[in-house]
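Enquirer: Quick one, what's the 3D model for this:
(chains A and B)
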Amino acid sequence: MTKKYVTTAIPYMNGNPHIGHAMDYCLADVCVRYYNLCGDEVRLQAGTDEHGSKIWQKATQLGVSVQEFVDAQAGKFVDFISQLGVNYTDFVRTTDTKHEKRVQEIWQRLTNHIYMDTYEGWYCTGCERFITDKEYEENNGACPDHLKPYEKLKEKNYYFRISDFKEQIARAIESDKMLVLPEFRKKEILRLLADSPDVSISRPKEQLEWGIPVPGDESQVMYVWVDALSNYLTVLGYPDTDDYREWWPAAAQFVGKDILRFHAIIWPAMLLGLGLELPKVLISHGMVLADGQKMSKTIGNVVDPMEVIEKYGLDAFRYYFLRHVDTFNDSDFTWEKFENAYNNELANDLGNLVQRLAAMCAKNGIELSKLPELDFDAEYRVLMDKFEYAKVFDCVWEKVQALNKRIDDEKPWMLAKNGETEKLHKCLSGLVRDLLQVNYELKPFIPVTTDKIDEIFAGKIEPPEKPLFPKQ
RNA sequence: CGCGGGGUAGAGCAGCCUGGUAGCUCGUUUGGCUCAUAACCAAAAGGUCGUUGGUUCAAAUCCAACCCCCGCAACCA
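Expert: Numbers count the residues shown, from 1 in each chain, chains lettered A, B, ... in the order given. From the prediction side, this is the model:
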């Protein structure tokens, strides 16, 4: 039995859970369930990122204390995750006292690679933030919201010397020692890495009142990176317990493509600075588009995962987002596509297959004397190990369709009519056995359904009272 | 000359790395079956593989140039 550690990205708490988070959780969940079925012992981390001035501002706006605000937000995410059927073993909030202490310890262990420097950039006093050069040019030097020209401002920050580790990281990525998936992201990251500047990791206290103080410097507060990325370690008790030795390096870290660069550059640099190994795999998944466009509150095309789940059930949601939303690329969600997949594939192919088989078994008194021994075949494993979840589905579905075809070919209803009992039993029990094998392969993806199918065919076979996926 | 992805049947995609009769799903049409959720099975129609050149006996696949689309902090740490 191997120990495997799987992580999800920790969402920033100034917003509510959305479909992008759901992708991350579901993918990690499939990975965990698969490892478990393979006999591994798995820890799954989840958590929330709760510091930063945006959070502070939002709470102030709402007229509640920051702590109250983040508590409420974190609560939403905890609920959200459980509704997705995802079972984490460890949950970390960046405002946990333990996390904060551990992060300070981590900072201190990194001091050899940290230096103080002055940041100079364009600043909008209305927005109270620095803006990029690109933004400056686009807006012709004045803030469109506040109609005020940007000002040059200097501020002291601590910097983390990424350059100390660039070559090591590049080698790890090139050699796949730290595997970056998909392949085209790996190329992209290698390019980005080459001209990655050192990264600013603190802000003056006046700028950032809600954060972890920099140890030994009252005037500075940690800015996102060290605080948030460390969560993958602090949740394992690093550095003050030895638990992490059994679990680190992570077997798989799931991140959205938008934050891959931080996980593939800053994060490995931190790990190397701490003398720790790099994660085995970083998986970057795509985003869900609504009819070809980015989902956005402004446009009003946001799809709420809970709406889908309420209407069609959890497994239908997981099914669509794991199969028809490409694991690595951006994909489109429309209700039409969703309903097509639901009706054609879940209801007609799989649901109806279970129904017709169970009904024939019940009618003819078929029972399996003993359940077949189940295992994953080589092709399945290869794809699963490459995190090609959408492709795995295609593979499994061929088997579902083949079973439907076999029923048509072998015509068990004819055998029954002709009184060929022995042949009939052999035919039906063979079909059930193979269905259970297919069912086994679906377990990491649609666990609610696979449990139901197991139940239907264990012992006395009865068709389900309600169809698994009622047509809508 | 920023970086990356993409342009293949009405729609969504695979194939390209490792050249050799262009494939899958949905939709459409027709036929079969009747165990089943009006489900299932089969067959057919439908493509000059973005454009132009090149390499080759042979190019969707390799090379060059060009055109077009989409991302590059998911709400903005």
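
Enquirer: ok, then the element right after the least confident helix or strand in chain A by mean pLDDT?
Expert: The weakest-scoring helix or strand in chain A, judged by mean pLDDT, DSSP states H and E, is helix A:133-138 (a mean of 67). Heading C-terminal from helix A:133-138, the first helix or strand you meet, by DSSP states H and E, is strand A:142-143.

Enquirer: Pull up the pairing partners for that following strand, direction included.
Expert: When pairing is defined by DSSP bridges, strand A:142-143 lines up against strand A:148-149 (antiparallel).

Enquirer: Which SSE is immediately downstream of the partner strand?
Expert: Counting by DSSP H and E, what follows strand A:148-149 is strand A:151-160.

Enquirer: RNA strand B contacts on the stretch 51-200 of chain A?
Expert: A:52, A:53, A:54, A:58, A:129, A:184, A:185, A:187, A:188, A:191, A:192 (Cβ under 7 Å from any atom of the strand). For the C-beta atoms, the positions are set from N, CA and C on the backbone; glycine is no exception.

Enquirer: what residues are up against residue A:302?
Expert: A:18, A:19, A:290, A:295, A:296 (Cβ atoms under 8 Å, 6 or more residues apart in numbering).

Enquirer: Emit the ChimeraX select command for whichever of those are buried.
Expert: In ChimeraX, selecting the buried portion of those, with burial taken from 16 or more other Cβ atoms under 10 Å, looks like this:
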select /A:18,19,290,295
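
Enquirer: want to try JSON lines for the contacts of residue A:302, with secondary structure, distance to RNA strand B and pLDDT as columns?
Expert: As requested, the contacts of residue A:302 are exported to JSON lines (DSSP: H, G, I helix; E, B strand; the rest coil; distance: Cβ to the nearest atom of the strand, whole Å; pLDDT from 0 to 100):
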{"residue": "A:18", "secondary structure": "coil", "distance to RNA strand B": "6", "pLDDT": "87"}
{"residue": "A:19", "secondary structure": "helix", "distance to RNA strand B": "6", "pLDDT": "86"}
{"residue": "A:290", "secondary structure": "strand", "distance to RNA strand B": "9", "pLDDT": "75"}
{"residue": "A:295", "secondary structure": "coil", "distance to RNA strand B": "5", "pLDDT": "74"}
{"residue": "A:296", "secondary structure": "coil", "distance to RNA strand B": "4", "pLDDT": "67"}
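
Enquirer: what ranges of the stretch 151-300 of chain A fall below the confidence cut-off?
Expert: Scanning the stretch 151-300 of chain A for pLDDT under 70 picks out the ranges A:291-292, A:296-299.

Enquirer: which of the contacts of residue A:302 lies closest to residue A:388?
Expert: Distance to residue A:388, by Cβ to Cβ, is smallest for residue A:19 among these, at 21.1 Å.

Enquirer: is it true that the closest one touches residue A:303?
Expert: Yes. Between residue A:19 and residue A:303 a contact is recorded at 5.7 Å, counting by Cβ atoms under 8 Å.

Enquirer: joint contacts of the two?
Expert: Jointly contacting residue A:19 and residue A:303 under the rule Cβ under 8 Å, 6+ apart are A:288, A:295, A:333.
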